Structure formats: C-alpha cells, structure tokens
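K.L.:
Model the structure of this input:
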Amino acid sequence: AMAQAALGAAGLHFDELNKLRVLEPEAAQQTAQLREECRAFLDKIVEFQKIVGSLIELVDQLAKAAESEKMKAIGARNLLKSIAKQREAQEQQLQALIAEKKVQLERYRIEYETLCKIEADQNEFIDQFIFQK
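P.N.:
Next up is the predicted model:
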C-alpha cells in the first residue's frame, strides 16, 4: 500500500490487470467512456446529416413538382381565357350577322307588302276593265 501511495504521488498507477499506468484507473475508464460517447455522438450526427440531406432532397423534389403543376395550371388558365375570347368574338360575329339578317328581313317584308299592294291594284284594274266590256 505504501509502494502504491509512493507511485501514486509520482503519478503512476496500477490498473485491474496490474499494468503500470500514468492515468488513474478511474480517469482512464472515464476517458474511455467519454471516447465511446463521442464516437456514438459523431455517428448520430452523421446519421442526422443523412436524414437532413434526404429531407432537403425531398423538399426540393416537391418544390419542383409544385412549380411544374403551377405552370400547367397557368397554361390551362391562359388556354381557357383564349377560348373564352374566341367564343366572345364568335358571339359578336353572330350577333352582327343576326342584325344584318333582321335588316334584310325587314326590307323583304316591306318589298312584299309593296308587291301585294301592286297586285291588289292590278287585280282591281283588271276587274274594272272586264266589267267595262
């Protein structure tokens, strides 16, 4: 015990296998434990970085997919707008055609009434001509 105390004062210690050590067995054990904990911590950090990396990749893919869908939606909206404008233009053309045909119909109606009047006048003239004979 005295020899151990003298060695201890000199900073030398025996471990459980009676090997001469510079560190106290307890300090050596704590150092080894700390080293293991650090190794485990580093492994966890590496694993965490992998998880974060794949998460970032996934978010990137989702962002690209969302952007692509947004562009499709904008394209569809623009197509609908252009179709609506075409329909509007067609409707205006048809309205103009209807107005034109109405004017034509009115002209024909007046012409028809005029011809009916002429026919009636001529029939009356023929009747009078026949009765005069």
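K.L.:
rest of the way, CA atoms for contacts and neighbours
P.N.:
Will do.
K.L.:
Burial check on Ala28, number of neighbours?
P.N.:
Residues within reach of Ala28, counting by other Cα atoms under 10 Å, total 14.
K.L.:
residues in contact with Ile130?
P.N.:
By Cα atoms under 8 Å, 6 or more residues apart in numbering, the contact set of Ile130 is empty.
K.L.:
rerun at 10 Å
P.N.:
Glu124 (Cα atoms under 10 Å, 6 or more residues apart in numbering).
K.L.:
tell me which element it is part of?
P.N.:
Assigned by DSSP states H and E, Ile130 falls within helix 25-132.
K.L.:
and that helix, average pLDDT?
P.N.:
Averaged over helix 25-132, pLDDT sits at 95.
K.L.:
what's the spacing between it and its chain's center?
P.N.:
15 Å (Cα atoms, centre = their mean, to the nearest Å).
K.L.:
From Gly75, how far out is Glu88?
P.N.:
From Glu88 across to Gly75, the span is 20 Å (Cα to Cα, to the nearest Å).
K.L.:
Buried residues in stretch 31-48, which are they?
P.N.:
By neighbour count with 16 or more other Cα atoms under 10 Å, stretch 31-48 contains no buried residues.
K.L.:
Show residues contacting that stretch.
P.N.:
So stretch 31-48 is contacted by 23, 25-30, 49-54 (Cα under 10 Å, 6+ apart).
K.L.:
By neighbours, which of those wins?
P.N.:
Leu23 (16 neighbours).
K.L.:
can I get the contacts of stretch 31-48 in TSV with distance to Ala120?
P.N.:
Below are the contacts of stretch 31-48 laid out as TSV (distance: Cα to Cα, whole Å):
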residue	distance to Ala120
Leu23	140
Pro25	139
Glu26	137
Ala27	136
Ala28	135
Gln29	133
Gln30	131
Gln49	105
Lys50	103
Ile51	101
Val52	100
Gly53	99
Ser54	97
